[in-house]
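[1] here is a sequence with its predicted model. Questions after.
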Amino acid sequence: AQSVTQPDIHITVSEGASLELRCNYSYGATPYLFWYVQSPGQGLQLLLKYFSGDTLVQGIKGFEAEFKRSQSSFNLRKPSVHWSDAAEYFCAVGPPGGSYIPTFGRGTSLIVHP
Amino acid sequence: NAGVTQTPKFQVLKTGQSMTLQCAQDMNHNSMYWYRQDPGMGLRLIYYSASEGTTDKGEVPNGYNVSRLNKREFSLRLESAAPSQTSVYFCASSGGPVHEQYFGPGTRLTVT
């Protein structure tokens, strides 16, 4: 069965600092990979997705993620964090071929200090 | 283009009462989902509908029923609410080639 691990429950960064949120998955083949963001009191919003091609994908709000097949990882990065980035971030995987039931990680809560 | 809408936004029920959560999407997506989100538990899938006319159980279906009314609408019903159903409920839809999901704003339900 596929699984997703986000090893950091909370991460605290200072505004302007760089950010990397970790995501590791377990699956026999390369899955479809997603990052979602959830601001307080809101639903989840798709930040970016990977399904093939260039392993570095760009998303909205200045985020990017890099797929590393050898490490089964899909880490999310941002070079300079803004206070408005404080939110919960979820990594998700879906089996290739377009299965419609993704598996979500437990989420990482990002705290931004001024 | 409103995306995914949910009603109501907030609801308080007494144990044993029933209610229906409504969800609609205007993106012409085939698949729709109901999740619940609880602290420390992440997102858990309650039911999903791969296409109009089909519904299937997810990870935590007990105590819930669903109806895929048409391609746009997917409702979740609690027949006899229990305190354990206090949660935030999210509806989502997907329809792209990689089935990325689009979420509604959520319904915050408290059962006393």
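    All right, it came through fine.

[2] C-alpha only now, for contacts and for neighbours.
    OK.

[3] how about the residues of chain A near chain B?
    Residues of chain A lying near chain B by C-alpha under 8 Å from any C-alpha of the partner chain: A:32, A:34, A:41-46, A:49, A:51, A:94, A:96-100, A:104-107.

[4] list the residues that contact residue B:67.
    B:55, B:74-76 (C-alpha atoms under 8 Å, 6 or more residues apart in numbering or on different chains).

[5] what is the nearest of those residues to chain A?
    Taking C-alpha to the nearest C-alpha as the measure, residue B:55 is the one of those closest to chain A, at 12.6 Å.

[6] do you know the pLDDT at that closest one?
    Residue B:55 is assigned a predicted lDDT (pLDDT) of 96.

[7] isn't it right next to residue B:65, touching?
    No: counting by C-alpha atoms under 8 Å, residue B:55 does not reach residue B:65; the two are 9.7 Å apart.

[8] looking at these two, which has the bigger crowd around it?
    residue B:55 (19 against 16; other C-alpha atoms under 10 Å in any protein chain shown).

[9] in which helix or strand does residue 20 reside?
    Went with chain A since none was named. Under the criterion of DSSP states H and E, residue A:20 resides in strand A:19-21.

[10] wrong one, I was asking about chain B
    Counting by DSSP H and E, residue B:20 is found in strand B:19-25.

[11] next one: that strand to chain centre, how far?
    7 Å (C-alpha atoms, centre = their mean, to the nearest Å).

[12] name the strands paired with the strand holding residue A:20 and say parallel or antiparallel.
    Strand pairing for strand A:19-21, using DSSP bridges, gives strand A:73-78 (antiparallel).

[13] let me see the mean pLDDT of the strand holding residue A:20.
    Across strand A:19-21, pLDDT averages out at 98.

[14] okay, buried residues for that strand please.
    By neighbour count with 16 or more other C-alpha atoms under 10 Å in any protein chain shown, strand A:19-21 contains the buried residues A:19, A:21.
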